[in-house]
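[1] need a 3D model of the sequence below.
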Amino acid sequence: MTVPALEITGLSKGFGSGRKKNQVLTNLSLTITQGEVFGFLGPNGAGKSTTIKLLLHFLKPDSGSLRILGKTVGQEEFRHRIGYLSEFPFFYDHLTARETLRLSGRLSGMERQALDQRIPILLERMTLTEAADRRVGGFSKGMKQRLGMANALIHDPEVLIFDEPMSGLDPVGRHQIKGLIAELKQEGKTIFFSSHILSDIEALCDRIGVINKGVLLYSGGLRDFLVAGCGLEESFVRVIEEANHACA
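    Sure thing, here's the model as predicted:
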C-alpha cells in the first residue's frame, strides 16, 4: 500500500502563554496522496504558513503528528526527499545564481557531475540562463522567486512544498510557474502549496483544503467545494464569512 505523501494528524500550535496565548492551529488533520496537487487556502493569518513551517520542522507542534512519505517529522530524516519554496526566499547576495544552485545541490548531497548537468537545465527552465553568473543581490523580486523555484528542484525531490509560489511575479512569471507546476504533476511529483490567487488554485489543483482561524473548514475535491452557480472565489468568500459569523 502506498504511503501518503503528507499526513497531518490532530495538529495544534499556539504562541505565547496563559491568557495571551494565540492559538494558530487547532486539531488540524490532512492527508495528501502521492502525485496530487493540493491547494491550501485561507485568509491572512489563517495558519497556512505555520502549517508549512511545522511540516518542515522549523517549528514544533504543541500536539499532533506530521509525516512526510511515511517519515515522522522531527524524528526521522526526510528533507532530502522534499523541495521547499518560501514566500520570501533568502539567498546570499554575493553569490551568483549558478553558485547558489551549486551550494544547494551540494548541501543536498549531490555530486559535482550531476550538478554540472542539472544546473543549466534549471536555469533555462526558469529563464535565468542570461543571469546565471550575476550576483543574486541585484536580482528583482520575480527573479529571486524563479531562482527559489530552481533551488527547490535542484535535487529532484519527490514532494514539493510551496508557500505562495506566485508571490511577486508578473503575469508572464505566473504563467511560467503555473506551467512548471503542471509539468511537475505530469512527472508524478506531489505538490502542496498555499496561495491567495484563487484562479491559480482552480487551474492547478486536484484537491483543496480551506482553513480559517486555525480550523480546517473543508478538505476534498475542488468541484465538491463550489457552491451551485458560483466560482471558487465566491464560494471561498461565502464559506469564510459563514464561519466568521458562526464564531461571532
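[2] okay, helices next: where are they in this protein?
    Using DSSP state H, the helices of the chain run over 48-55, 97-107, 112-125, 141-153, 171-186, 198-204, 222-225, 232-247.
[3] okay, now Glu183: neighbour count?
    11 (other C-beta atoms under 10 Å). Every C-beta, even on glycine, is put in place using the N, C-alpha and C of the backbone.
[4] got the helices of the chain as JSON lines, with mean pLDDT columns?
    Output for these, formatted as JSON lines (pLDDT from 0 to 100):
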{"stretch": "helix 48-55", "mean pLDDT": "95"}
{"stretch": "helix 97-107", "mean pLDDT": "95"}
{"stretch": "helix 112-125", "mean pLDDT": "95"}
{"stretch": "helix 141-153", "mean pLDDT": "93"}
{"stretch": "helix 171-186", "mean pLDDT": "89"}
{"stretch": "helix 198-204", "mean pLDDT": "88"}
{"stretch": "helix 222-225", "mean pLDDT": "89"}
{"stretch": "helix 232-247", "mean pLDDT": "88"}
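[5] can you list these in CSV and add distance to Lys21?
    Shown next, in CSV, are the helices of the chain (distance: least, C-beta to C-beta, whole Å):
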stretch, distance to Lys21
helix 48-55, 14
helix 97-107, 36
helix 112-125, 43
helix 141-153, 33
helix 171-186, 37
helix 198-204, 31
helix 222-225, 31
helix 232-247, 17
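[6] of those helices, which is nearest Phe90?
    Phe90 lies closest to helix 141-153 among the helices of the chain, at 8.8 Å (C-beta to C-beta).
[7] coming back round to it: which of the helices of the chain sits closest to Gly83?
    helix 141-153 (3.6 Å).
[8] and the residue positioned nearest the centre of the chain, what is it in contact with?
    Geometric centre of the chain, nearest residue: Phe162, 1.9 Å, by C-alpha atoms, centre = their mean. Taking C-beta atoms under 8 Å, 6 or more residues apart in numbering, we find Phe162 in contact with Tyr84, Leu85, Ala152, Ile191, Phe192, Phe193, Ser194.
[9] the first one and Met149 touch, don't they?
    No. Assessed by C-beta atoms under 8 Å, Tyr84 is found out of contact with Met149, at 10.5 Å.
[10] so those two - more neighbours on which side?
    Taking neighbours as other C-beta under 10 Å, Tyr84 and Met149 compare with Met149 leading, 24 against 19.
[11] can you pull the contacts of the more buried one?
    By C-beta under 8 Å, 6+ apart, Met149 lies in contact with Leu85, Met126, Pro165, Ile177, Leu180.
[12] what about the nearest residue to Ala203 once chain neighbours are set aside, how many residues nearby?
    Ranked by C-beta to C-beta, 6 or more residues apart in numbering and with sequence neighbours excluded, the top spatial neighbour of Ala203 is Lys178, at 6.5 Å. By the measure other C-beta under 10 Å, the count of residues near Lys178 is 18.
[13] distance of the closest residue in space to Ile8 that isn't next to it in sequence from Pro4?
    In space, and not counting its chain neighbours, Ile8 is closest to Leu30: 4.5 Å by C-beta to C-beta, 6+ apart. In this structure, Leu30 and Pro4 are 9 Å apart, going by C-beta to C-beta, to the nearest Å.
[14] re the thing from before, can you list the contacts of Met149 in a markdown table and add neighbour count and distance to Met110?
    Output for those, formatted as a markdown table (neighbours: other C-beta atoms under 10 Å; distance: C-beta to C-beta, whole Å):
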| residue | neighbour count | distance to Met110 |
| --- | --- | --- |
| Leu85 | 23 | 18 |
| Met126 | 24 | 18 |
| Pro165 | 26 | 23 |
| Ile177 | 22 | 23 |
| Leu180 | 17 | 20 |
